[in-house]
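Q: Sequence plus the predicted model coming up.
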Protein chains: 2
Amino acid sequence: MGSELAVNHQEKAYALLKADADKILKLIKVQMDNLTMPQCPLYEEVLDTQMFGLSREIDFAVRLGLVEDKEGKKLLESLEQQLSALHEASQKK
Amino acid sequence: MGSELAVNHQEKAYALLKADADKILKLIKVQMDNLTMPQCPLYEEVLDTQMFGLSREIDFAVRLGLVEDKEGKKLLESLEQQLSALHEASQKK
């Protein structure tokens, strides 16, 4: 794996995590647009699973020393806020 | 994060994943020794959740270029084999 020596792992780790967070947000948006039932247990389960997966990735990056603890928490909180805003907006429809 | 510049991220990533895999194995052993009911739904759920979390971590490490795809798959397969051996042994009791 010699070619990856030049890679900045810190930047890459953060970019990957951010992309994964965006993917969850997109998934939930699609679910809401198509199902419009955020109280559905399946929806809750998908969201829980995805959030758990992301939190594991973030935790791993933090333990590796690639992402700061504070930064990782902020990423997760920001996603949670966006999701709850989305949720509220869908209930006002 | 200057002090982590000297860290070999590849080695550290693998060591962390291996430790997480061992933790799952230990958890399942403790559950079996104390509950002795591997057909319990809660047991299945805990195991599924833990395996999913680990697979997410491995996938992340692979995408970061810290662990080779083959190496990651081997780690997961080895854990699965150990778990199924454990499972079989408990059913013979």
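A: Perfect, thanks for sending it. Numbering: from 1, shown residues only, chains lettered A, B, ... in the order given.

Q: Next, the buried residues of stretch A:68-75.
A: Within stretch A:68-75, the residues that qualify as buried by neighbour count (16 or more other Cβ atoms under 10 Å in any protein chain shown) are A:72, A:75. For glycine as for every other residue, the C-beta is placed from the backbone atoms N, C-alpha and C.

Q: if we look at it, which residues are touching it?
A: A:14, A:17-18, A:21, A:58-59, A:61-62, B:1 (Cβ atoms under 8 Å, 6 or more residues apart in numbering or on different chains).

Q: So for chain A, which residue is the most central one in space?
A: With distances taken as Cα atoms, centre = their mean, chain A has A:A21 as the residue nearest its mean C-alpha position (2.4 Å).

Q: Which ChimeraX command selects the buried ones in the contacts of stretch A:68-75?
A: The buried subset of those, as determined by 16+ other Cβ under 10 Å, is captured in ChimeraX by this line:
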select /A:14,17,21,58,59,61,62
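
Q: Which two among the contacts of stretch A:68-75 are spaced furthest apart?
A: Greatest spatial distance in those: A:A21 and B:M1, 21.2 Å, computed using Cβ to Cβ.

Q: At the contact with chain B, which residues of chain A appear?
A: Applying the criterion Cβ under 8 Å from any Cβ of the partner chain, the portion of chain A that neighbours chain B consists of A:1, A:4, A:7, A:9-10, A:12-13, A:16, A:49, A:52-54, A:56-57, A:60-61, A:63-66, A:68.
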